[in-house]
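> Structure here, sequence nowhere to be found:
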């Protein structure tokens with residue numbers, strides 16, 4: 001596909017080809033290296049794949065061209081979703097459970113995939129992101145979203161930069177999560193830290209300061 005980077009994946013967890021696959025999608029301007037560490041704190045058993053977004057942007061990568069906070073350009077999103085599905089259908093043929101976990105831009109991207117084809121996914125966690133309803137995502141099957149694994153409805157309404165009100169985040173439980181994985185609580189932790197880092201970054205915090213906070217969160221992440 002024109003202009004899109006080749007698929008790059010960081011892997012963790014099970015190497016069994018039939019193991020449930022949890023796909024980790026990073027935020028805008030980040031990379032697969034920044035999110036693969038979450039696999040160490042998620043349930044044992046699944047295979048974890050952190051995919052790098054296909055559009056180079058600054059020092060990181062993006063899932064789609066943007067026309068505003070959490071608002072994909074429709075043509076760009078359609079192209080990158082097709083790029084992702086080509087990879088996914090190769091590594092996870094029919095019968096292999098697939099769970100999506102996306103943060104920020106990765107959440108909007110995961111949400112688009114789930115809305116377009118909910119029957120393809122066993123579960124999803126959409127964290128601190130909007131759903132791309134206004135990006136021409138085909139949602140004729142969206143009524144089937146309720147059939148995805150374990151469904152957690154929850155939300156946080158935050159003021160984005162410039163005072164724009166974002167729609168509440170939609171939190172969907174991870175189907176492979178076992179007892180002790182309190183998805184809603186962990187989701188709110190991720191939201192709080194991510195929002196706080198954004199505010200600090202725009203008010204003068206250094207890269208070192210932000211990395212110290214991120215390292216502390218990963219170090220103290222609750223075990224399951």
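Yep, it's here. Because the structure is predicted, anything quoted here is derived from the model rather than measured.

> can you give me the helices for the chain?
Ranges of helices in the chain, per DSSP state H, are 74-91, 105-116, 183-202, 207-219.

> ok, of those, where does mean pLDDT dip lowest?
Mean pLDDT per stretch puts helix 183-202 lowest among the helices of the chain, at a mean of 57.

> Show me which helix or strand of this structure is least confident by mean pLDDT.
Using mean pLDDT, DSSP states H and E, helix 183-202 stands out as the lowest-scoring helix or strand of the chain, at a mean of 57.

> shaky segments in the chain?
Across the chain, the ranges flagged by pLDDT under 70 are 1-2, 70, 133-134, 138-203, 217-224.

> Kindly recompute the last result at 80.
1-2, 68-70, 127-224 (pLDDT under 80).

> ranges for the strands of it?
Applying DSSP state E to the chain gives strands spanning 9-13, 21-25, 47-51, 55-57, 60-62, 98-103, 123-127.

> can I get those strands in a markdown table with distance to residue 115 and mean neighbour count?
(C-beta placed from N, C-alpha, C; glycine too.) What follows is these, written out as a markdown table (distance: least, Cβ to Cβ, whole Å; neighbours: other Cβ atoms under 10 Å):
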| stretch | distance to residue 115 | mean neighbour count |
| --- | --- | --- |
| strand 9-13 | 23 | 17 |
| strand 21-25 | 15 | 27 |
| strand 47-51 | 19 | 24 |
| strand 55-57 | 20 | 16 |
| strand 60-62 | 19 | 21 |
| strand 98-103 | 11 | 25 |
| strand 123-127 | 10 | 26 |
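
> To residue 79, which of those lies closest?
Distance to residue 79, taken as Cβ to Cβ, is lowest for strand 55-57 among the strands of the chain, at 9.5 Å.

> And the closest one, what does it pack against?
strand 60-62 (3 or more Cβ pairs under 8 Å, 6 or more residues apart in numbering; DSSP states H and E).

> Identify all contacting residues around the strand it packs on.
5, 26, 28-31, 52-56, 105 (Cβ atoms under 8 Å, 6 or more residues apart in numbering).

> got it, and stretch 75-83?
1-2, 4, 7, 53-55, 63-65, 109, 112-113, 116, 132, 135-137.

> repeat that with 6 Å
1, 4, 54, 63-65, 112, 135 (Cβ atoms under 6 Å, 6 or more residues apart in numbering).

> Of those residues, just the buried ones, PyMOL syntax please.
Per 16 or more other Cβ atoms under 10 Å, the buried members of those correspond to this PyMOL selection:
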select buried, resi 4+54+63+64+65+112+135
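
> tell me which of the contacts of stretch 75-83 is nearest to residue 37?
For the contacts of stretch 75-83, the nearest to residue 37 is residue 63 (19.5 Å; Cβ to Cβ).

> The closest one: what's it in contact with?
Contact analysis of residue 63 by Cβ under 6 Å, 6+ apart lists 53, 80, 105, 109.

> From residue 108, how far off is the first one?
By that I understand residue 53. Noted for residue 53: a distance of 11 Å to residue 108, by Cβ to Cβ, to the nearest Å.

> repeat for residue 29
From residue 29 to residue 108 the distance is 14 Å (Cβ to Cβ).

> Next: residue 207.
Taking Cβ to Cβ, one finds residue 207 at 25 Å from residue 108.

> That concludes my questions; thank you for your assistance.
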